[in-house]
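K.L.:
pasting the structure only:
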């Protein structure tokens with residue numbers, strides 16, 4: 001999920017921040033529009049992931065702060081990914097989208 005989106009949700013809910021990891025995603029990003037990359041592969045460190053769909057926010061989001069789940073609807077949440085090629089991913093690794101020419 002995008003840290004920028006998480007920060008936007010925090011602001012809308014009157015919170016200073018939502019800490020990294022609190023929204024239960026495996027990878028948090030900066031400077032990417034993940035939902036727009038659905039259907040494409042990304043390289044992160046040594047791994048390749050296929051971003052295939054926006055994730056459905058669950059009721060656990062409202063345990064972080066009431067109203068968070070609703071804010072995460074309509075492409076304001078993270079995406080689901082399938083591992084296409086496993087490998088090490090480290091904090092700070094670049095994320096490179098593999099977008100075929102013509103897309």
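P.N.:
Sure thing, it's come through. Small disclaimer: the values here were computed from a predicted structure and weren't measured.

K.L.:
From the centre of the chain, point out the most distant residue.
P.N.:
In the chain, the residue that sits farthest from the middle, by C-alpha atoms, centre = their mean, is residue 102; the gap is 24.7 Å.

K.L.:
What pLDDT is listed against that one?
P.N.:
Looking at residue 102, its pLDDT stands at 71.

K.L.:
I'd guess it is in a helix, am I close?
P.N.:
No. Counting by DSSP: H, G, I helix; E, B strand; the rest coil, one finds residue 102 to be coil, located in no helix.

K.L.:
This protein: helices as residue ranges?
P.N.:
Ranges of helices within the chain are 3-12, 61-64, 68-71, based on DSSP state H.

K.L.:
Show me which residues of the last one are buried.
P.N.:
This points to helix 68-71. For helix 68-71, the neighbour count (16 or more other C-beta atoms under 10 Å) marks 68-69, 71 as buried. C-betas here are computed from N, CA, C, even on glycine.

K.L.:
How about residue 31, nearest residue that isn't a chain neighbour?
P.N.:
residue 4 (7.8 Å; C-beta to C-beta, 6 or more residues apart in numbering).

K.L.:
Many thanks, I have nothing further to ask.
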